[in-house]
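# The following block contains a protein sequence and its predicted model.
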Amino acid sequence: MPTITIDDTPYQVPDGATVLQACQMARVRVPYYCYHPGLSIAGNCRICLVEIDGNAKLQISCNTRVTDGMNVRTTTHKVQQGQREVLEFLLVNHPLDCPVCDQAGECELQNYYLEFGAYDPKFNEAKVHKPKAVPISQKIMLDAERCILCSRCVRFCDEITKTGELAIFNRGDHAEIGIHPQKTLDENQYAGNVVDVCPVGALTDRDFRFQCRVWYLGTQDSICPGCAQGCNIQVHYNKEREWRPHIADGRRIMRLRPRYNAEVNQWWMCDAGRYGFRFVDEQRLLRPRLRAGGELKEIDWSQAIHLATESLHARLAQGHREGIAIIASTHLTNEDLFLVKRLFCDTLQVPLVTADLPLVPGDHDAFLIKADKSPNTRGAQALGLMGAAGQLTGEQILRRIQQGRWRLLWVFGHDLSARCDEALVRHVVANTDLVIFQGPNHHRFAEAAHLVLPSTTFVEKDGTLTNWQGRVQRIRPVVPPLGESRGEWDVLQAIGQSLGLTTDFQTSEQVFSSLAEQVPAFRDLSYQTIGRQGALLHTR
């Protein structure tokens, strides 16, 4: 490993590292725009200047490889003057849009100007005007005047998605980003990433545009629940609305952005996951409801838990275990599924328990998008709720119910009316004494159930999900539960305690600790070992 001296302090860095990467490892701040760790090096913004002994001129650090014994200076007057001059050049035709720009508050152009600020510009000519607020897809807006031609978006489309929709057209001060003729970003399933990589306000997200100033945003790490890939994300929420208890008060979750994980999604995420969070604040079930007189009427949680407990107890006491079926969901966390298994399989010994339903055919590719649109199929398999020998699938359970009168069907999350034959679903509901639905959102099956228990979404609960690789990853509460919705494991524990289950978990971490002790695949795992990047299941 070569040794490099940065501002009089020696550091060892990996072979092949650039000076900019070495400075980042040493936590020495060097400004840059065109460099991105997931893209090729372009070296065209020219602001990452440093002084290197043996070179008469300043060097761009992003495209200069480290050599052993190299001596680098980042804070000299010569370096700072060079950076100021490059910044002034970048701002020559940049509009004074900061008050109305969505990037304001997280724009490195603003930040560097305040740090290096060319407060006495020498440019007296009229600025070159370019197209403003041009939609280049259903999700993305282009403001060519703000573009500093860093080419990050172009390189993303060329190198990551390999679809090549964007390019730099014209020359000199008339050069601008644009879409190739006969192409559109609407067909690019990862197009939202060009907004993430844009260092200024040239490319903005039309879904987020003018919705919330970034200084009102709170941020929390989480996992995308859109498919089995389990992309690492940051959830950005409106801090002004986070504590409001009702959906009518407005949108709480403002946007999702990818979070770096080299083993899962690197720096990227697909658009389906990026924009697939509206269910968090829309069509929510807010309170338990019981069907009475043909209508679902609100009840309190104590009544709901009592009804569910008494229904289970009565049917078990009469020896009707074969007439009880539980269809859990691979959208539940490992902690939720552990309580499903512990209550229904281990304590009540219900024979028909599964987390399986026929997969809805989904699009997939060789990059991030998986056909399995559930975030925790591997977790359900590791817990023995899917794929066990002799275990019935969800559809087989429904077909068995179709053959006779059943006692109780408990469904978690699934809209059976959308996923199964509607005539079959109507028959199942009509020929089952009690149908319980537990989930977060309104849909046709929730409206058909006899007892409805509202659940929290992935941004309202703590827990873990296991992606297709077997990587266990954390989700964390971002905003409080809407209405009276509760986490599944919490409700199941309350029901279990009424039926004699002795556990008294206070947190999801305690549930996971018990899970790790009892399920070999999760052995030695904890919230601490999982951390921000996840940890793999034991395969033996």
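Ah, there it is.
# Can you tell me the number of residues neighbouring the closest residue to Ser311 other than its chain neighbours?
Excluding the flanking residues, the one nearest Ser311 by C-beta to C-beta, 6 or more residues apart in numbering is Leu434, at 5.1 Å. C-betas here are computed from N, CA, C, even on glycine. For Leu434, the count of nearby residues is 20 (other C-beta atoms under 10 Å).
# go on, the one 3 residues further on?
Phe437 has 26 neighbouring residues, counting by other C-beta under 10 Å.
# and if you look at Val194?
Residues near Val194, counting by other C-beta under 10 Å: 29.
# give the contact list for the residue nearest in space to the middle of the chain.
Taking C-alpha atoms, centre = their mean, the centroid of the chain lies closest to Cys224, which sits 3.0 Å from it. The contact partners of Cys224, taken as C-beta atoms under 8 Å, 6 or more residues apart in numbering, are Gly230, Cys231, Asn232, Ile233, Leu256, Met269, Gly273, Gly276, Pro375.
# residues contacting the residue nearest to the first one when sequence neighbours are not counted?
What sits nearest to Gly230 in space, not counting adjacent residues and going by C-beta to C-beta, 6+ apart, is Asn467, at 3.2 Å. The contact partners of Asn467, taken as C-beta under 8 Å, 6+ apart, are Ile223, Ala228, Gln229, Gly230, Val264, Pro375, Arg378, Gln473, Gly534.
# now swap in Gly273 and tell me
Gly273 makes contacts with Cys224, Gly226, Cys227, Cys231, Ile233, Leu256, as judged by C-beta under 8 Å, 6+ apart.
# correct me, but the fifth one touches Arg257?
Okay, so that is Ile233. Yes: Ile233 is in contact with Arg257 according to C-beta atoms under 8 Å; the separation is 6.4 Å.
# Those two: which is more packed in?
Set side by side, Ile233 and Arg257 show more neighbours around Ile233, with 25 against 18, by other C-beta under 10 Å.
# Contacts made by the one helix or strand Met254 maps to with the rest, please.
Secondary structure here is read from DSSP states H and E; on that basis Met254 sits in strand 253-258. Judged by C-beta under 8 Å, 6+ apart, the contacts made with strand 253-258 from elsewhere in the structure are 193, 196, 205, 207-208, 211-212, 217, 224, 231-238, 265, 267-269, 273-275, 277, 280-281, 459, 478-479.
# how does it look with 7 Å?
196, 205, 208, 211-212, 217, 224, 231-238, 265, 267-269, 273-274, 277, 280-281, 459 (C-beta atoms under 7 Å, 6 or more residues apart in numbering).
# Can you give me the distance of His442 to Asp207?
In this view, His442 and Asp207 are 22 Å apart by C-beta to C-beta, to the nearest Å.
# and if you look at Ser302?
In this structure, Ser302 and Asp207 are separated by 40 Å, where distance is defined by C-beta to C-beta.
# neighbour count winner among those two?
Per other C-beta under 10 Å, whichever of Ser302 and Asp207 has more neighbours is Asp207, with 16 against 10.
# so is that one in a helix, a strand, or just coil?
Remark: Asp207 carries the secondary structure label coil [criterion: DSSP: H, G, I helix; E, B strand; the rest coil].
# Isn't it up against Ile140?
No: at 9.5 Å, Asp207 does not count as touching Ile140 under the criterion of C-beta atoms under 7 Å.
# just checking, Leu453 is part of a helix?
No: when classified by three-state DSSP, Leu453 is found to be strand rather than part of a helix.
# Grab the nearest non-local neighbour of it.
If the residues on either side of it in the chain are set aside, Leu453 comes closest to Gln438, at 4.2 Å by C-beta to C-beta, 6+ apart.
# Number of residues surrounding the one you found?
By the other C-beta under 10 Å criterion, the neighbourhood of Gln438 contains 27 residues.
# one step back: quick one: which of the contacts of Gly273 is nearest Asp415?
Gly226 (16.3 Å; C-beta to C-beta).
# where do the helices sit along the stretch 351-500 of the chain?
377-382, 394-402, 416-419, 422-430, 444-448, 488-498 (DSSP state H, counting those that start in this stretch).
# for the ones you listed, which one ends up most surrounded?
helix 377-382 (a mean of 25; mean count of other C-beta atoms under 10 Å).
# what's that one packed up against?
Secondary-structure packing of helix 377-382 (3 or more C-beta pairs under 7 Å, 6 or more residues apart in numbering; DSSP states H and E): helix 334-340, strand 463-466.
# Trp410 is nearest to which of these?
Closest approach to Trp410 among these is made by helix 334-340 (9.2 Å; C-beta to C-beta).
# Tell me where the model's unsure across the stretch 51-200 of the chain.
Residue ranges of the stretch 51-200 of the chain with pLDDT under 70: 117-119, 121.
# go on, the chain?
Screening the chain residue by residue with the criterion pLDDT under 70, one finds the ranges 117-119, 121, 241-249, 358-361, 389-390, 540.
# can I see the domain layout of it?
Annotated domains of the chain cover 3-90, 98-205, 289-536 [automatic domain parsing].
# Could you single out the most deeply buried of those domains?
Comparing the domains of the chain by mean count of other C-beta under 10 Å gives domain 289-536 as most buried, with a mean of 19.
# now the end-to-end length of it.
The first residue of domain 289-536 is 39 Å away from its last residue (C-alpha to C-alpha, to the nearest Å).
# As CSV, the contacts of Cys224 with distance to Lys78 and secondary structure would be great.
Shown next, in CSV, are the contacts of Cys224 (distance: C-beta to C-beta, whole Å; DSSP: H, G, I helix; E, B strand; the rest coil):
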residue, distance to Lys78, secondary structure
Gly230, 47, coil
Cys231, 43, coil
Asn232, 40, strand
Ile233, 41, strand
Leu256, 43, strand
Met269, 41, coil
Gly273, 46, helix
Gly276, 50, coil
Pro375, 52, coil
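# Pick out the most distant pair among these.
Largest separation among these by C-beta to C-beta: Asn232 and Gly276, giving 15.5 Å.
# neighbour-wise, which of those two wins?
Here Asn232 and Gly276 are set side by side on neighbour count (other C-beta under 10 Å), and the busier one is Asn232, at 27 against 16.
# okay but the more buried one is in contact with Gln266, surely?
No: Asn232 is beyond contact range of Gln266, at 9.4 Å (criterion: C-beta under 7 Å).
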